[in-house]
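**Q** Coordinates for the following, if possible.
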Amino acid sequence: MIRNLFLIVLFCLASLQGMAQNLAPITWSAYGLTFKAPKGIGVEEDTEETFLLNNNNFYITIQALDSDGMTKDDLEKELLGLADEDGMTKRSSTKKFDLPQFYGIFVHGSCDVDKCCYCYLMTKAAGNVFFVSVIHSNGEEAIAESILKSFKMDEE
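**A** Numbering: from 1, shown residues only. Prediction:
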């Protein structure tokens, strides 16, 4: 019994270690926005409005939003409204998080046949808002959350 528990804990730690090693920093230069993404992921679009990344397991979209008048208290309502508009089903409850430079909130769910995670990140300094969508393979929720919680902006 104890041996089985030890093996399970060891397997979980190895999985987390492997997950961390499979992510590498990438930067959306238009905003100096750096985050961790799966190693080797391809950049599909890199413009002032949108940053798209894609591989076999992840499709990541980041968009700069018009955040005029939006406060951090509006993020949950706005995120759930977007999830409703896009038809996200089987939604989790929203989860708020703080990063050194951002307030964040995200929700997991299903988008058509894929699993997805929607997130709003608001800069603490200027109140700029970014929408992040991570469409992923089933069972990749922890990696999607690691991606979201890795965001930072270059200091100018």
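**Q** thought residue 28 was touching residue 63?
**A** No: with contact defined as C-beta atoms under 8 Å, residue 28 does not reach residue 63; the gap is 10.2 Å. Heads up, the C-betas are built off the backbone N, CA and C, glycines and all.
**Q** more crowded one of these two?
**A** Higher neighbour count among residue 28 and residue 63: residue 28, with 21 against 14, using other C-beta atoms under 10 Å.
**Q** how deep is the residue nearest to that one when sequence neighbours are not counted tucked in, by neighbour count?
**A** Excluding its sequence neighbours, the residue lying closest to residue 28 (C-beta to C-beta, 6 or more residues apart in numbering) is residue 51, at 4.1 Å. By the measure other C-beta under 10 Å, the count of residues near residue 51 is 25.
**Q** Validate this expectation: residue 51 resides in a strand.
**A** Yes: counting by DSSP: H, G, I helix; E, B strand; the rest coil, residue 51 is located in a strand.
**Q** which residues does it form a beta bridge with?
**A** With DSSP bridges applied, residue 51 shows beta-bridge pairing to residue 46, residue 62.
**Q** My understanding was that it contacts residue 41; is that so?
**A** No: contact criterion C-beta under 8 Å: residue 51 and residue 41 do not qualify, at 11.4 Å.
**Q** and for the two, which residues touch both?
**A** Both residue 51 and residue 41 are contacted by residue 60, under the criterion C-beta atoms under 8 Å, 6 or more residues apart in numbering.
**Q** From residue 119, how far out is residue 132?
**A** 4 Å (C-beta to C-beta, to the nearest Å).
**Q** ok, now how distant is residue 109 from residue 33?
**A** From residue 109 to residue 33 the distance is 24 Å (C-beta to C-beta).
**Q** For residue 114, give me the pLDDT.
**A** Listed pLDDT for residue 114 reads 91.
**Q** what's the spacing between it and residue 144?
**A** Using C-beta to C-beta, we find residue 114 at a distance of 11 Å from residue 144.
**Q** Compare those two (neighbour count), which wins?
**A** Per other C-beta under 10 Å, whichever of residue 114 and residue 144 has more neighbours is residue 144, with 22 against 12.
**Q** Pretty sure the more buried one sits against residue 118.
**A** No: counting by C-beta under 8 Å, residue 144 does not reach residue 118; the two are 10.1 Å apart.
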